[in-house]
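A.B. asks: coords please:
(4 chains)
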Number of protein chains: 2
Amino acid sequence: MVRWREKANKFQLSIMNRNVTSIDVAKRAGVSQSTVSRVFSSGSPNVSSEVRERVLQASLELGYRPNAIARMMSTRQTNIVGILMATITSPFYPYVLEKFLKELQAIDRQVLLFTASENQSVDDLLPLALQYQVDALIITSATLSSEAAAATSSGGTPVILFNRVVSDANVCSVCADNLAGGRLAADVLLDSGHEKLAFIAGIENTSTSQDRERGFALRLHERGMANWVRRAGRYTYESGYAAAQSLLDETVPPDAIFCANDIMAIGAIDGLRARGVRVPDDVSVIGFDDIPMAAWGAYNLTTISQEVDQMIQQTISLMLERIESPHEPCRTERVAGKLVIRSSVRNLTTGKSDDIAG
Amino acid sequence: MVRWREKANKFQLSIMNRNVTSIDVAKRAGVSQSTVSRVFSSGSPNVSSEVRERVLQASLELGYRPNAIARMMSTRQTNIVGILMATITSPFYPYVLEKFLKELQAIDRQVLLFTASENQSVDDLLPLALQYQVDALIITSATLSSEAAAATSSGGTPVILFNRVVSDANVCSVCADNLAGGRLAADVLLDSGHEKLAFIAGIENTSTSQDRERGFALRLHERGMANWVRRAGRYTYESGYAAAQSLLDETVPPDAIFCANDIMAIGAIDGLRARGVRVPDDVSVIGFDDIPMAAWGAYNLTTISQEVDQMIQQTISLMLERIESPHEPCRTERVAGKLVIRSSVRNLTTGKSDDIAG
DNA sequence: TGGGGTCTTGCATACGTATTCAAGCTATGT
DNA sequence: ACATAGCTTGAATACGTATGCAAGACCCCA
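C.D. replies: Okay, the predicted model is just below:
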C-alpha cells in the first residue's frame, strides 16, 4: 500500500485514480483536504474561483474521483435505493426495471438490485439489503410476509411494494387496480356475448392473481353468471398453453378465457391454435398487463393494461415522501388499468358495448 | 442525532436497528467493539463461544445489523459489481441480467445497476460507476468507446464487455461467435435450397450486427452467392416488420431472410404474414439469439442460439481473474452458438443438410 | 515450578470524506 | 483609521467497522 502511494507520487500524471484521495489532490493544489471536499460538494459553497481552478486542475492531473463510499460514511446517506425482484424474466418486469432505473438515476439515486434464487424467499433477502443502508427498498414481483415487512419498516427503512399488497403490515404499496381489472374483464366478455367463461390463474399466493380472479368472479356473480371454470397457472407461457388445452376437454368447452396475465394469454392462444381452435372465432382470449408482445401481429391480444409509467411515478413519489417523513401512516395506491382492444375477443372491434348491469 | 441515541437506549429492546452500532452491542454485551466486529467477521476467528453467545444475544436484542458501508470503508473492498446496460427491455437481456444477478449473489457480490438514458452515452456513466469503488464493471448491450474503456481499465478497475467487442482497447470481453453464426446462417439457408437471400441488420454500430453480417456475407461470397439484399433494422420488432415488408417490394423478392436477432425475425414473420406471405413456404426466416419467444407456437423460429449460461459463466470467471490479477493481458472469449431447428426455414426439419462447400 | 506456546481480548488506529468551529483575510462604511 | 461583517480557508473530528499489536489468561510439558 505504501509502495503504491510512492509510485503514484512518481507518476502523478498517469491516470491512476485508484487510491488517489482528496488529500493527494490537496497536497498537489497546495490547499487543505477540506477545500478539496468543498470543491466537489454539490453546490461548491464558498470557494474562491481561483482556488477551485487549482483544485480541479490538480484532480484532473491525478485522475481523482471522489470516493462515494467514504462520502456515504461521512454523510450517513447512501442515495442508494434497493430493488428486490424475484423474477426479472417475466416480460412485464424488464420494462418496470428499466423505467425505475431511469427515474431513479434522474434524481441521483443509484440502484442496488437483488433477486431471490429458487430456494430463497424475499424475506431472507431483506436483512442483506438493509446492511447496505439503502435509503429505501422497492419490492416487486415478490411476495413478502407481513412480519418481515413490518420488521423492516419499523427498522426505519421505507419499504414500498410495487404491484403487490401486504394486507396488515405497515408497508406502502402501489398497485394496479386488479380487482377493477378483473371486473372489467368480466364485463367485456359478457358484453360481447360470451356464454361459457374460463379463468386461468397466475401464481396462487400472489395478490395480483387473487385480486384479478376475485374481481372477475364477483362481477360474474353480480351479473348472474355462475357457470365458469378455472385452471391453475404459473404466470408462464407454458402454463397458459397447457391450461387452455385442458379447458378444451371440458364437456362444454369455454368460448372465452380470461388469463391472469398476458404471457399466459399468449400461451393460451398458441395452445388453442395447436388444437385447431380459432381465436377469437371459436374462443376469445383476454389478458392482463399489455406487455409489448401483446401487440405482436400473431396474437393481437385484447388485454387490460397496467399503467406502468404512472405506477412507477407514484412509487417514486411515495418513496421520497417516506424518506422525508418515515413515520407517516402508510397508504396503498391503486392505479386503474384500461381496456386495450385488439382482436383476440370477438364482437369488440367496434368499441365497448353498452354496460348492461347496474 | 444525539436524541436518537438516547431514545435507543431507553427502548433497547425495540427493533430500532437504525443507528445501532457495534459499539452499542459491545456495551450491552460487556465486551469491546473489536470483539463484536470479530463475531460478525466471516469466519468469526478466535472468539470464545461464551462471548460469542453474549454478543449475538445483545445484537439480537438491539436489532443490530453490521453496516456494510462502514465495512467497505474499512476493508477497502466493496464486493460490489457494477453492471451497465443500455437496454434492458430488449428481450435477450432480462435473462442475462437475472442470470448475472444470481451468479454474482451466489459468490457474495452485490450488483449496482446502471442504465444509460437516451441522451447519455455509456462513456458518461463510467466515472459515476467508478465512484462507487466497484470491484469490477460489466458492460452489456452497450457500445463503449475504446478511449473510455482504456481510461477506466487503466484506472485499475477491471472492465468486461459482455456481447460487445472493443477492438484495440485494453478490455476483456465475452462474446458469442457472431462471425461463425453469420456463416452458419448462410450455410443453413443455402443448404436448404434457397436462392435469393436477404439480411436485416441490427443497430449499425454494434459489433454484434456487424459481425453477423460479415460472417453471412463472407460465407455467401465463398459459396459464390453474390446476389443478396440488405435492409437496415434497429434490433426491434417494428424495424423487422417494416424491413421484411420492404423486401417484398424487390423486383425478385427474397425466399429467405436472415435477421440479426430474434425480435426482428419475429417482426419479419408478422410483417410477411400481414402481406399474405407464408412462412416458411414462401419465405424462410432465420434469427439469432434463441430468446424464449422464438419457441412460441405462432413463430417456431429457427435460429442460432447464444449460449447465455456459458457466456455468463465465462464472464464471471474472467472477472474474478482480473480482480485477482488486474495487470494480466486481456483476452476475448468467443462462445459458439448452435443451430436451433424449428420450422421457420423450409427443408430443414430432417436436420442439417450436407455441407456443400469446403 | 517455570517457561513457552496458544487462545482470547482490548486498545488504538486507519479507511476517505463532510462538516463544525475558529481564525484569517478583505472590503466597506463611518 | 478602525470596527464590523462577510467570505474564504484550515484544523480537527466524526462516521462504523476491521485489524495489527500487545497484554492477559490458560494450558502443557519438562
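A.B. asks: for the helix or strand containing A:V174, which strands pair with it and how are they oriented?
C.D. replies: Using DSSP states H and E, the element containing A:V174 is strand A:172-176. The strands beside strand A:172-176 in its sheet (DSSP bridges) come out as strand A:159-162 (parallel), strand A:332-335 (parallel).
A.B. asks: what does it contact?
C.D. replies: A:158-166, A:207-208, A:306-307, A:311, A:314-315, A:318, A:322, A:330-337 (C-beta atoms under 8 Å, 6 or more residues apart in numbering or on different chains). Heads up, the C-betas are built off the backbone N, CA and C, glycines and all.
A.B. asks: and those, which are buried?
C.D. replies: A:158-166, A:207-208, A:306-307, A:311, A:314-315, A:318, A:322, A:330, A:333-335, A:337 (16 or more other C-beta atoms under 10 Å in any protein chain shown).
A.B. asks: what does chain A put close to DNA strand C?
C.D. replies: A:1, A:19, A:21-23, A:33-34, A:37-38, A:40-41, A:64, A:66-67, A:70-71, A:73-75 (C-beta under 7 Å from any atom of the strand).
A.B. asks: give me that answer again for 6 Å
C.D. replies: A:19, A:21-23, A:33-34, A:37-38, A:40-41, A:66-67, A:70-71, A:73-75 (C-beta under 6 Å from any atom of the strand).
A.B. asks: so A:S317: helix, strand or coil?
C.D. replies: Secondary structure state of A:S317, per DSSP: H, G, I helix; E, B strand; the rest coil, is helix.
A.B. asks: let me know the pLDDT of it.
C.D. replies: Looking at A:S317, its pLDDT is 95.
A.B. asks: how close does it get to A:C172?
C.D. replies: Separation of A:S317 from A:C172 (C-beta to C-beta, to the nearest Å): 10 Å.
A.B. asks: again with A:D290
C.D. replies: Relative to A:C172, and taking C-beta to C-beta, A:D290 is found at 24 Å.
A.B. asks: tell me who's in contact with the closest residue in space to A:L197 that isn't next to it in sequence.
C.D. replies: Of all residues not flanking A:L197 in the chain, A:W228 sits nearest, at 4.2 Å (C-beta to C-beta, 6 or more residues apart in numbering or on different chains). A:W228 makes contacts with A:K196, A:L197, A:A198, A:F199, A:A217, A:L220, A:P254, as judged by C-beta under 8 Å, 6+ apart.
A.B. asks: one more: A:L144?
C.D. replies: Contacts of A:L144 (C-beta under 8 Å, 6+ apart): A:V122, A:D123, A:L126, A:L161, A:R164, A:V166, A:A169, A:V171.
A.B. asks: surely the first one and A:T140 touch.
C.D. replies: Going back to what we said before, that points to A:V122. No. Proximity of A:V122 to A:T140 does not meet the contact threshold set by C-beta atoms under 8 Å, at 9.9 Å.
A.B. asks: A:L113: how many residues sit nearby?
C.D. replies: Number of residues near A:L113 (other C-beta atoms under 10 Å in any protein chain shown) recorded here: 25.
A.B. asks: which element is it on?
C.D. replies: Judged by DSSP H and E, A:L113 forms part of strand A:110-115.
A.B. asks: following that strand, which helix or strand shows up next?
C.D. replies: helix A:122-131.
A.B. asks: where's A:A186 relative to DNA strand C, distance?
C.D. replies: In this view, A:A186 and DNA strand C are 55 Å apart by C-beta to the nearest atom of the strand, to the nearest Å.
A.B. asks: in whichever helix or strand that residue is part of, what counts as buried?
C.D. replies: Per DSSP H and E: A:A186 is located in helix A:178-191. In terms of neighbour count (16+ other C-beta under 10 Å), helix A:178-191 has its buried residues at A:178-191.
A.B. asks: could you name the helices and strands sitting against that helix?
C.D. replies: Under the contact criterion of 3 or more C-beta pairs under 8 Å, 6 or more residues apart in numbering or on different chains; DSSP states H and E, helix A:178-191 touches strand A:197-200, helix A:207-222, strand A:256-259, strand A:284-289, strand A:302-305.
A.B. asks: okay if I get the ones you listed as CSV plus mean pLDDT?
C.D. replies: Shown next, in CSV, are the helices and strands packed on helix A:178-191 (pLDDT from 0 to 100):
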stretch, mean pLDDT
strand A:197-200, 98
helix A:207-222, 96
strand A:256-259, 98
strand A:284-289, 97
strand A:302-305, 98
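A.B. asks: could you redo the ones you listed as TSV and give each row distance to DNA strand D?
C.D. replies: Below are these laid out as TSV (distance: least, C-beta to the nearest atom of the strand, whole Å):
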stretch	distance to DNA strand D
strand A:197-200	48
helix A:207-222	35
strand A:256-259	48
strand A:284-289	42
strand A:302-305	45
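A.B. asks: so which of these gets nearest B:I203?
C.D. replies: Relative to B:I203, the nearest member of the helices and strands packed on helix A:178-191 by C-beta to C-beta is strand A:284-289, separated by 27.0 Å.
A.B. asks: just give the closest residue to A:A68, not the sequence neighbours.
C.D. replies: B:Q131 (4.2 Å).
A.B. asks: okay, now that neighbour: neighbour count?
C.D. replies: The burial count for B:Q131: 16, using other C-beta under 10 Å.
A.B. asks: which pLDDT value goes with it?
C.D. replies: 93.
A.B. asks: counting neighbours, what do you get for the closest residue to A:P66 other than its chain neighbours?
C.D. replies: Leaving aside its chain neighbours, A:P66 sits nearest to A:F40 (5.0 Å; criterion: C-beta to C-beta, 6+ apart). For A:F40, the count of nearby residues is 18 (other C-beta under 10 Å).
A.B. asks: list the contacts for A:F40?
C.D. replies: Taking C-beta under 8 Å, 6+ apart as the test, what A:F40 contacts is A:S22, A:S59, A:P66.
A.B. asks: correct me if wrong: A:N163 contacts A:A142.
C.D. replies: No. Applying C-beta under 8 Å as the test, A:N163 and A:A142 come out as separate, 9.4 Å apart.
A.B. asks: for the record, mean pLDDT for the helix or strand harbouring A:I69?
C.D. replies: In this assignment (DSSP H and E), A:I69 forms part of helix A:68-75. Over the span of helix A:68-75, the pLDDT mean works out to 95.
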